[in-house]
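Novice: structure for this input, please:
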Amino acid sequence: MFIRIVKMRFHEDKIAAFLANFETVKHHIRSFEGNQFLELYQDKNDPRIFFTYSYWENEAALEKYRNSILFNEVWSYTKALFSDKPEAWSVDRLVTLS
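Specialist: From the prediction side, this is the model:
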């Protein structure tokens, strides 16, 4: 499994547009071949900051998504709403407690 975390900061007046678009595309992203899990988080202290947290079958699956028409459309729309450069991390899960 390949885990990807992306941090995005939006202009305050663009948050509603981002959320509306995410609502439209979230099922397409989640059903993209190789995607196993998708969540969206909003920071409690700064409502302009959001994180996506996704699981991918492997790094190749994420790269296939990143090179897709879907990603190009989603990212082109989303990046126009940013107030700061996004950050992304690829991480390995070491421990899970439930």
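Novice: what about residue 62, neighbour count?
Specialist: For residue 62, the tally of surrounding residues (other C-beta atoms under 10 Å) stands at 21. In this view, the C-beta of every residue, glycine as well, is placed from N, C-alpha and C.
Novice: where exactly do the helices run in this protein?
Specialist: Secondary structure of the chain (DSSP state H): helices at 15-30, 59-66, 69-79.
Novice: would you mind putting those into a markdown table with mean pLDDT alongside?
Specialist: A markdown table is the format used below for the helices of the chain (pLDDT from 0 to 100):
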| stretch | mean pLDDT |
| --- | --- |
| helix 15-30 | 98 |
| helix 59-66 | 97 |
| helix 69-79 | 97 |
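Novice: just say which of those helices is most tucked in.
Specialist: Of all the helices of the chain, helix 59-66 has the most neighbours on average by mean count of other C-beta atoms under 10 Å, namely a mean of 15.
Novice: how far off centre is that one?
Specialist: Mean-position distance between helix 59-66 and its chain equals 13 Å (C-alpha atoms, centre = their mean, to the nearest Å).
Novice: what residue is smack in the middle of the chain?
Specialist: Nearest residue to the geometric centre of the chain (C-alpha atoms, centre = their mean): residue 52, 3.6 Å.
Novice: so that residue bridges to which residues?
Specialist: Beta bridges link residue 52 to residue 6, residue 40, judged by DSSP bridges.
Novice: who's in contact with it?
Specialist: Shown in contact with residue 52 (C-beta atoms under 8 Å, 6 or more residues apart in numbering): 4-6, 8, 38-41.
Novice: buried ones from those residues, can you make that a ChimeraX selection?
Specialist: ChimeraX command restricting these to the buried ones, with burial defined by 16 or more other C-beta atoms under 10 Å:
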select :4,8,38,40
